[in-house]
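S.K.: sequence and predicted structure, then a few things I'm wondering about:
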Amino acid sequence: MKIEQINTENDYQEALKEVEILMAAKLNTPEGERLYKLITLIEAYEQKQFHIDI
């Protein structure tokens, strides 16, 4: 799966599924890099969608 950005709930759910698969990825491997990128995209989406003012 190729995810460049997360714009929809479906994109978000697909990214979460892929992260679950990649959780055991080692650093400095293509899988580890993919995991890092997905987590960064997920965090950005969550900040935008689930923002809570404190």
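M.R.: Structure's in. What do you need?
S.K.: for the helix or strand Tyr12 falls within, packing partners?
M.R.: Using DSSP states H and E, Tyr12 sits within helix 9-22. Judged by 3 or more C-beta pairs under 8 Å, 6 or more residues apart in numbering; DSSP states H and E, the packing partners of helix 9-22 are helix 30-49. Yep, even glycine has a C-beta here, placed from its N, CA and C like the rest.
S.K.: how distant is the helix it packs on from the center of its chain?
M.R.: 3 Å (C-alpha atoms, centre = their mean, to the nearest Å).
S.K.: for that helix, list the C-alpha coordinates in CSV.
M.R.: In CSV, the C-alpha atoms belonging to helix 30-49 read as follows (Å, rounded to 0.1, in the frame of the first residue of the first chain):
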residue,chain,number,x,y,z
PRO,A,30,13.1,0.0,4.5
GLU,A,31,10.3,-1.4,6.8
GLY,A,32,11.6,0.7,9.7
GLU,A,33,11.6,3.9,7.6
ARG,A,34,8.1,3.1,6.3
LEU,A,35,6.9,2.7,9.9
TYR,A,36,8.4,6.0,11.0
LYS,A,37,6.8,7.8,8.0
LEU,A,38,3.4,6.3,8.7
ILE,A,39,3.5,7.2,12.4
THR,A,40,4.4,10.8,11.4
LEU,A,41,1.5,10.9,9.0
ILE,A,42,-0.9,9.4,11.6
GLU,A,43,0.2,11.9,14.3
ALA,A,44,-0.4,14.8,11.9
TYR,A,45,-3.8,13.5,11.0
GLU,A,46,-4.8,12.9,14.6
GLN,A,47,-3.6,16.4,15.6
LYS,A,48,-5.8,17.9,12.9
GLN,A,49,-8.9,15.7,13.4
